[in-house]
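Peer 1: build me a structure from this.
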Amino acid sequence: MNSDRFKDFDSDVRQLVLAFEDDSKGSRQFFDVDELEVIADYYLEMHDVEGLEAAVRLGERLFPGNSEIRLRRAQLLGVQGRYRQALGLLEELERVEHDNTDIAYTLGTLYSMTGDAKKSIDCFLRAASDGYELGMIYGNVADEYMRLGNTVEAMRYYRKAVEDNPDEHRSLRALAYIWDWQGRQEQAVHYFSKHVANHPYCKTAWYCLGCSYLHSALDEQHAILVASKAVDAFEFALTIDGRYEDASFGLSEAYTKLKDLPHAVQALREVLEYTTDRHPVLRAIGILYFNNGNYHTAYSYIRDALRENANDAVAWNYLGHCSEKLGYIDEAVEHYYRAINLCPDYDELWLDLADLYIAEDRFSDAAALLASSRQDAEGRFLFDYRLLYCYYKMGQRNRLFRLLEEDAELNGYHLSDLFIYYPEMSQDTEIVTFIKGCS
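Peer 2: Numbers count the residues shown, from 1 in each chain. Here you go, the predicted model:
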């Protein structure tokens with residue numbers, strides 16, 4: 001039995017659930033309705049469908065027709081994806097107990113799961129009438145407004161959520177994200193600075209403040225100033241919770257902005273001491289070393305990350321970059337292909353392999369790769385620029401001009417960018433004349 005599953009629950013919840021699960025010893029012969037509610041709610045929060053179903057079945061056997069047990073049956077149906085049955089049961093319960101805010105809240109959750117944001121908002125606001133857990137409910141309302149694309153109302157309800165619960169981390173982070181997306185970092189810094197002044201033990205607010213500082217840099221000089229302030233904010237968050245992984249990643253990013261590689265790496269190494277998911281941490285450390293030109297050390301960390309998770313396309317791609325920088329070209333090709341096979345829809349993976357072939361003067365290999373992948377690419381012109389260059393280097397003029405004509409029909413004005421990528425092609429009078437004619 002994993003005792004960690006009870007770390008966020010009171011001891012009486014733990015005792016009830018264990019007693020419910022220990023039926024083989026006959027330690028408990030009977031559970032009343034309130035106890036079964038607690039047990040069912042525990043399983044619901046833990047996403048344990050089997051446990052929830054067992055609790056509901058016992059409740060239906062002991063207390064047939066009880067509305068609270070029927071409500072848990074509706075919640076179970078929703079978790080199982082049986083939305084129509086769940087809605088029917090909830091609407092029946094609501095007709096009998098119209099003022100029951102638990103029913104309204106469950107309806108709001110179910111409408112959210114089925115994509116009906118407007119009905120979900122209506123139900124959540126009715127659930128808020130009892131004044132209980134307003135921070136969570138208002139955050140849910142804000143989430144639904146975000147789904148509707150109504151950022152103004154979403155911001156209003158995220159703020160209301162934080163007013164009710166200063167530690168409502170989902171809403172705090174949503175506010176930081178929206179302000180960053182809107183380019184309003186100064187407002188974010190002002191808001192979170194005020195929040196931590198009033199609630200100095202709110203780790204999420206310190207984290208959001210650090211992120212807002214990092215994203216507010218106007219130029220290189222300002223970036224150094226705000227990165228120093230971000231370091232302080234992330235360290236405050238880690239003082240409150242030394243295992244706050246997001247804050248450690250933020251701290252590493254801030255030290256990276258300050259060009260302090262040792263501290264940037266150390267921030268992530270400390271995460272390795274306790275994290276249950278080592279691979280993204282190892283990959284992040286490897287990328288830090290790669291970006292600082294230490295390719296041997298980067299290779300070692302990224303290889304360790306892949307030992308933890310061999311299905312990480314980004315890590316395979318970086319391993320390819322490391323191998324390429326170290327001169328292990330055949331090995332780099334293998335790594336790039338591993339990345340492509342794992343994530344074939346990611347254009348950058350194909351382009352990185354094509355660039356390696358071009359750098360090695362393997363133009364026919366690059367051309368074959370690009371020709372096989374360009375049709376489904378999102379950045380079609382990025383593929384075609386490279387393919388045009390390969391045709392140019394191989395002297396395949398007919399193919400080159402056929403492709404130029406094809407691209408000209410799409411967006412001819414893009415073609416002049418070809419000379420930015422491959423300046424030597426600007427010396428070819430015939431190509432220059434053709435592209436000028438498309439402008």
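
Peer 1: okay, now the unreliable bits of the protein?
Peer 2: Residue ranges of the chain with pLDDT under 70: 1-3, 23-29, 218, 439.

Peer 1: ok, longest helix in it?
Peer 2: Ranked by residue count under DSSP state H, the longest helix found in the chain is helix 220-240.

Peer 1: helices and strands around that one, which ones?
Peer 2: helix 203-214, helix 245-257 (3 or more CB pairs under 8 Å, 6 or more residues apart in numbering; DSSP states H and E). In this view, the C-beta of every residue, glycine as well, is placed from N, C-alpha and C.

Peer 1: what sits against residue 55?
Peer 2: 20, 36, 39-40, 43, 72 (CB atoms under 8 Å, 6 or more residues apart in numbering).

Peer 1: put together CSV for these, with distance to residue 151 and neighbour count on each row.
Peer 2: As requested, these are arranged in CSV below (distance: CB to CB, whole Å; neighbours: other CB atoms under 10 Å):
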residue, distance to residue 151, neighbour count
20, 44, 22
36, 41, 23
39, 40, 25
40, 36, 26
43, 35, 23
72, 35, 26
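
Peer 1: from those residues, which land in helices?
Peer 2: Per DSSP H, helices hold the following members of the contacts of residue 55: 20, 36, 39-40, 43, 72.

Peer 1: which of those residues sits closest to residue 262?
Peer 2: Nearest to residue 262 out of those is residue 43 (CB to CB; 46.1 Å).

Peer 1: that closest one: what's it in contact with?
Peer 2: Counting by CB under 8 Å, 6+ apart, residue 43 touches 17, 49, 51-52, 55.

Peer 1: which of the residues you listed are buried?
Peer 2: Buried members of those, scored by 16 or more other CB atoms under 10 Å, are 17, 51-52, 55.

Peer 1: and the contacts of the helix or strand hosting residue 408?
Peer 2: For residue 408, the enclosing helix or strand under DSSP states H and E is helix 397-411. The contact list for helix 397-411 (CB under 8 Å, 6+ apart) reads 380-381, 384, 387-388, 391-392, 414-415, 431, 434-435, 438.

Peer 1: what about those, which are in helices?
Peer 2: Assigned to helices by DSSP H, the following of the contacts of helix 397-411 qualify: 380-381, 384, 387-388, 391-392, 431, 434-435, 438.

Peer 1: now distance to residue 193 too, for the contacts of residue 55, in a markdown table please.
Peer 2: Shown next, in a markdown table, are these (distance: CB to CB, whole Å):
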| residue | distance to residue 193 |
| --- | --- |
| 20 | 47 |
| 36 | 46 |
| 39 | 43 |
| 40 | 42 |
| 43 | 41 |
| 72 | 43 |
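
Peer 1: show me what counts as buried in stretch 64-79.
Peer 2: Applying 16+ other CB under 10 Å to stretch 64-79 flags 68-79 as buried.

Peer 1: just put those residues in TSV and tack on secondary structure.
Peer 2: Converted to TSV, these look like this (DSSP: H, G, I helix; E, B strand; the rest coil):
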residue	secondary structure
68	helix
69	helix
70	helix
71	helix
72	helix
73	helix
74	helix
75	helix
76	helix
77	helix
78	helix
79	helix
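
Peer 1: tell me which of those is nearest to residue 109?
Peer 2: residue 78 (7.0 Å).

Peer 1: now do the contacts for that closest one.
Peer 2: When contacts are counted by CB under 8 Å, 6+ apart, residue 78 touches 86, 106, 109-110, 113.

Peer 1: before we move on, the earlier item: and the contacts of residue 43, which is closest to residue 374?
Peer 2: The shortest gap between residue 374 and any of the contacts of residue 43 belongs to residue 49, at 44.9 Å (CB to CB).

Peer 1: what sits against that closest one?
Peer 2: Residues near residue 49 by CB under 8 Å, 6+ apart: 43, 76, 79-80.

Peer 1: could you do residue 417 as well?
Peer 2: Residues in contact with residue 417 (CB under 8 Å, 6+ apart) are 381, 385.

Peer 1: show me where the stretch 1-150 of the chain has its helices.
Peer 2: Counting by DSSP state H, counting those that start in this stretch, the stretch 1-150 of the chain has helices at residues 11-21, 33-45, 49-62, 67-79, 83-96, 101-113, 117-127, 134-147.

Peer 1: quick one, the fourth one and helix 49-62 angle?
Peer 2: Interaxial angle of helix 67-79 relative to helix 49-62 (axes from the mean of the first three to the mean of the last three CA atoms, to 10 degrees): 150 degrees.

Peer 1: so helix 67-79 versus helix 83-96, what angle?
Peer 2: Going by the same axes, to 10 degrees, helix 67-79 makes 160 degrees with helix 83-96.
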